[in-house]
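1. Give the three-dimensional model of this entry:
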Amino acid sequence: MSIKKEDINDVTGHRKRLKETFAKTPLGSFYDYELLELILFYVLPRRDTKSLAKRLVKHFGSVKGIFYADRIELLEIKGVGPEVINFLKAMEDFFSRIHMPSINEGTLLNNWNSVINYCTLTIGFKQQEFLRILYLNRKNLLIADELMQQGTIDKVAIYPREIVKNCITKSASAIIMVHNHPSGDIKPSNEDIIVTEKIAAALEVIGVALHDHVIVAQDKHYSFRANGMLN
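-> Residues are numbered from 1 along each chain as shown. This is a model prediction of the structure:
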């Protein structure tokens with residue numbers, strides 16, 4: 001279907017006005033749908049993004065909900081295609097990396113809030129359980145970050161043997177385990193406690209420390225070490 005010239009002019013004029021308004025407005029002043037509309041300008045250069053932005057906000061509730069939505073659920077929204085999904089997921093990855101401390105910023109243990117923010121951003125809002133392992137060297141600097149397993153809405157398989165093997169392969173001296181609870185309840189289950197004890201014991205045999213096992217659920221987290229469940 002061809003786009004009328006006057007329609008293109010209307011879209012172009014609206015975009016120009018919105019960009020000018022944003023440039024003159026303090027950050028945090030735009031409504032969620034306005035900010036999303038502005039962002040989508042750069043993904044959908046020849047389409048009206050206002051209605052799409054409003055549909056996304058209505059369905060997912062907020063900008064945060066949109067960025068951490070599942071790809072399949074995003075595709076259910078009229079007007080969302082691969083280009084929009086790829087952009088949103090690239091933004092999700094981009095913002096999560098901002099929180100991971102670099103070598104110049106010191107050890108992970110000295111930047112614990114950044115570690116929690118990173119883990120929350122990468123898996124805290126997922127609708128299925130995921131297991132992440134952060135591998136550290138002797139100086140507690142990050143040498144690898146691995147998404148090991150994807151599970152169901154309330155369970156993820158954790159295999160101590162695979163974690164031990166990867167620690168040896170990566171020459172890790174310590175690890176931090178992270179998994180999410182889509183239910184929003186950060187309290188560890190009996191299975192979480194048992195598997196943590198098994199992994200800590202298996203790692204001790206090869207001289208690798210389990211610094212922590214962290215459960216994240218959106219804006220909350222539970223640390224096994226902080227709660228006295230790891231020596």
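
2. All the strands of the protein, in order from the start?
-> Taking DSSP state E as the test, the strands found in the chain are 130-136, 142-150, 174-180, 209-217, 220-223.

3. Using JSON lines, lay out those together with mean pLDDT, mean neighbour count and distance to residue 60.
-> (Each C-beta comes from the backbone N, C-alpha and C, glycine too.) Formatted as JSON lines, the strands of the chain follow (pLDDT from 0 to 100; neighbours: other CB atoms under 10 Å; distance: least, CB to CB, whole Å):
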{"stretch": "strand 130-136", "mean pLDDT": "91", "mean neighbour count": "22", "distance to residue 60": "19"}
{"stretch": "strand 142-150", "mean pLDDT": "82", "mean neighbour count": "15", "distance to residue 60": "21"}
{"stretch": "strand 174-180", "mean pLDDT": "94", "mean neighbour count": "24", "distance to residue 60": "18"}
{"stretch": "strand 209-217", "mean pLDDT": "95", "mean neighbour count": "22", "distance to residue 60": "17"}
{"stretch": "strand 220-223", "mean pLDDT": "94", "mean neighbour count": "18", "distance to residue 60": "19"}
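
4. Mind putting those into JSON lines with distance to residue 191?
-> Output for the strands of the chain, formatted as JSON lines (distance: least, CB to CB, whole Å):
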{"stretch": "strand 130-136", "distance to residue 191": "13"}
{"stretch": "strand 142-150", "distance to residue 191": "14"}
{"stretch": "strand 174-180", "distance to residue 191": "11"}
{"stretch": "strand 209-217", "distance to residue 191": "12"}
{"stretch": "strand 220-223", "distance to residue 191": "14"}
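
5. Quick check: closest non-adjacent residue to residue 122.
-> Leaving aside its sequence neighbours, residue 122 sits nearest to residue 96 (CB to CB, 6 or more residues apart in numbering; 4.8 Å).

6. Ok, residue 230 next?
-> That would be residue 224: by CB to CB, 6+ apart, it lies 4.8 Å from residue 230.

7. Next, find the distance separating that neighbour from residue 179.
-> According to CB to CB, to the nearest Å, residue 224 and residue 179 sit 11 Å apart.

8. Find residues that contact each of those two.
-> Residues touching both residue 224 and residue 179 by CB atoms under 8 Å, 6 or more residues apart in numbering: 213, 214.

9. tell me which helix or strand of this structure sits lowest on mean pLDDT?
-> None of the helices or strands of the chain scores lower by mean pLDDT, DSSP states H and E than helix 5-24, at a mean of 74.

10. care to break the protein down by domain?
-> 5-95, 103-223 (automatic domain parsing).

11. and residue 28, how many neighbours does it have?
-> Other residues near residue 28 come to 6 when the count uses other CB atoms under 10 Å.

12. that older thread, quick one, what contacts the residue nearest to residue 230?
-> Contact analysis of residue 224 by CB under 8 Å, 6+ apart lists 188, 196, 212, 213, 214, 230.

13. The same query, at a cut-off of 6 Å, please.
-> 196, 212, 213, 230 (CB atoms under 6 Å, 6 or more residues apart in numbering).

14. who touches the third one in this structure?
-> Residue 213 makes contacts with 177, 196, 224, as judged by CB under 6 Å, 6+ apart.

15. Distance check, the first one against residue 215.
-> Same thing as residue 177. Using CB to CB, residue 177 is found at 9 Å from residue 215.

16. Please identify which of the strands of the chain is closest to residue 90.
-> Across the strands of the chain, residue 90 has its closest neighbour in strand 142-150 (16.5 Å, CB to CB).
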